[in-house]
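Provided below for reference: sequence and predicted model.
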Amino acid sequence: MTQEDKKLLKRVTLLGILKKSRGESLEEVIDSLVSTGSYTPAEAKKLIKELKRDGLINSMGNLTMKGQKFAKEAESMFKQ
């Protein structure tokens with residue numbers, strides 16, 4: 001996986017978390033992304049650890065303020 005691929009997957013994951021339904025868990029969001037073939041469960045687990053380490057999601061699986069900012073930037077990027 002290239003650095004560009006990794007950046008794209010981070011954006012997609014953050015956007016998925018931003019758009020999750022009320023009551024939907026982080027695991028459910030990740031499972032849906034895995035089922036689309038975006039990445040494997042092992043890659044997803046590693047990515048989630050990175051997002052937590054980077055301060056983009058908290059231990060509860062919700063976006064932090066920083067994570068919301070990046071997710072909204074990703075959303076506007078995908079809308080173009």
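Okay, I see it. Residues are numbered from 1 along each chain as shown.

now do the contacts for the residue nearest to the spatial centre of the chain.
Centroid-nearest residue in the chain, with CA atoms, centre = their mean: T13, separated by 2.0 Å. Residues in contact with T13 (CB atoms under 8 Å, 6 or more residues apart in numbering) are V29, I30, L33, A44, L47, I48, L51. The C-beta positions use only the backbone N, C-alpha and C, and glycine is treated the same way.

so what's Q3 scoring on pLDDT?
Q3 carries a pLDDT value of 88.

residues near it, how many?
7 (other CB atoms under 10 Å).

equivalent analysis for E4, please.
8.

any idea how far E43 is from it?
In this view, E4 and E43 are 15 Å apart by CB to CB, to the nearest Å.

that older thread, flag every buried residue along whichever strand or helix holds the residue nearest to the centre of the chain.
In this assignment (DSSP states H and E), T13 forms part of helix 3-18. Burial within helix 3-18, assessed by neighbour count using 16 or more other CB atoms under 10 Å, is assigned to L9, K10, R11, V12, T13, L14, L15, G16, I17, L18.

try stretch 35-53
Residues of stretch 35-53 classed as buried by neighbour count (16+ other CB under 10 Å): S38, Y39, E43, A44, L47, I48, L51.

average model confidence for that stretch?
93.

and the gap between E73 and L14?
9 Å.

likewise E43?
For E43, the distance to L14 - CB to CB - is 15 Å.

now do K7
Distance, K7 to L14, by CB to CB: 11 Å.

again with G23
19 Å.

show me the contacts for the residue nearest to Q68 when sequence neighbours are not counted.
Once flanking residues are discounted, Q68 sits nearest to L18: 6.8 Å by CB to CB, 6 or more residues apart in numbering. By CB under 8 Å, 6+ apart, L18 lies in contact with L63, Q68, A71, K72, E75.

hmm, try it at 7 Å
By CB atoms under 7 Å, 6 or more residues apart in numbering, L18 lies in contact with L63, Q68, A71, E75.
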